[in-house]
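>>> predicted model and sequence follow; I will ask about them next.
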Amino acid sequence: MIKRILTGSSIFVLLLLSGLPAQAQTQDPAPQSPEAAPEPEAAPEVDVSADEVQKFANAIREMQQIQDEAHNQAIQVLEQSGLSPDRFNEILRSQREPEAPPSTAITPDEQQQFDQAYNQILQIRQDTESRMEQAIIQEGLEIERFNQIFAMVQQSPELRQQVEQILQQGERTSRLS
């Protein structure tokens, strides 16, 4: 499950992590999601308490649910737009990389469908980032501390295993209820 959080899903992650012009226009220069937060390379390793590991895992679990909901919303937006996910991604890629033109010319209707879907998906992205931040805070962690633990989990197989065990225990518990 933690790998799902770390890797995400295709269309949604493409929009979440892409360096699109609309993202650059946001007024808050601070990272808005744990995935997008740059981690200091030379930061001293700080111990993580068992309580923090539990809070971190709980936040990850909640964030996965939020991300799944957002992904489903983005898919619905695409379905309603009339563009296939492949065509949407092709148009997006052609706008980000002018040297990679789409296989077929973009019609005015497709451009309008793309623009509408893109704007709706960007709104979903912003809402998702906000909800994910709230999930972290509601678990009792500050965003900065969550990001520190996140970086440590990526670097420490032992810590990653602890988090995965907590997540697996939570999955078993939810299946039993």
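Looks like it came in fine. These numbers were taken from a predicted model, which means no experiment stands behind them.

>>> lowest average confidence, helix or strand, in this structure?
helix 21-24 (a mean of 30; mean pLDDT, DSSP states H and E).

>>> Phe114 and Gly82: what is the separation?
10 Å (Cβ to Cβ, to the nearest Å). All C-beta spots, glycine's among them, are computed from the backbone N, C-alpha and C.

>>> more crowded one of the two?
Counted by other Cβ atoms under 10 Å, Phe114 and Gly82 do not tie: Phe114 has more neighbours, with 22 against 14.

>>> for that one, identify the helix or strand it belongs to.
helix 108-138 (DSSP states H and E).

>>> now do the buried residues in the helix or strand following that helix.
Counting by DSSP H and E, the next helix or strand C-terminal to helix 108-138 is helix 143-155. For helix 143-155, a neighbour-count test (16 or more other Cβ atoms under 10 Å) marks Ile143, Arg145, Phe146, Asn147, Gln148, Ile149, Phe150, Ala151, Met152, Val153 as buried.

>>> contact partners for the last one?
Taking Cβ atoms under 8 Å, 6 or more residues apart in numbering as the definition of contact, the neighbours of Val153 are Ile2, Phe56, Leu159, Arg160, Val163.

>>> let's have the buried residues of helix 143-155 in JSON lines, adding pLDDT and distance to Asp68.
Formatted as JSON lines, those follow (pLDDT from 0 to 100; distance: Cβ to Cβ, whole Å):
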{"residue": "Ile143", "pLDDT": "96", "distance to Asp68": "21"}
{"residue": "Arg145", "pLDDT": "96", "distance to Asp68": "24"}
{"residue": "Phe146", "pLDDT": "97", "distance to Asp68": "19"}
{"residue": "Asn147", "pLDDT": "95", "distance to Asp68": "22"}
{"residue": "Gln148", "pLDDT": "96", "distance to Asp68": "25"}
{"residue": "Ile149", "pLDDT": "96", "distance to Asp68": "22"}
{"residue": "Phe150", "pLDDT": "95", "distance to Asp68": "19"}
{"residue": "Ala151", "pLDDT": "95", "distance to Asp68": "24"}
{"residue": "Met152", "pLDDT": "95", "distance to Asp68": "25"}
{"residue": "Val153", "pLDDT": "95", "distance to Asp68": "20"}
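
>>> out of these, who's nearest Gln168?
Set against Gln168, the nearest of these by Cβ to Cβ is Val153 (14.8 Å).

>>> so how far is Gln112 from the closest one?
As for Val153, its distance to Gln112 is 43 Å (criterion: Cβ to Cβ).

>>> start to end distance for stretch 133-147?
11 Å (Cα to Cα, to the nearest Å).

>>> the chain should start at 37 in everything you say after this.
OK, 37 is where the count begins now, so the last one is stretch 169-183.
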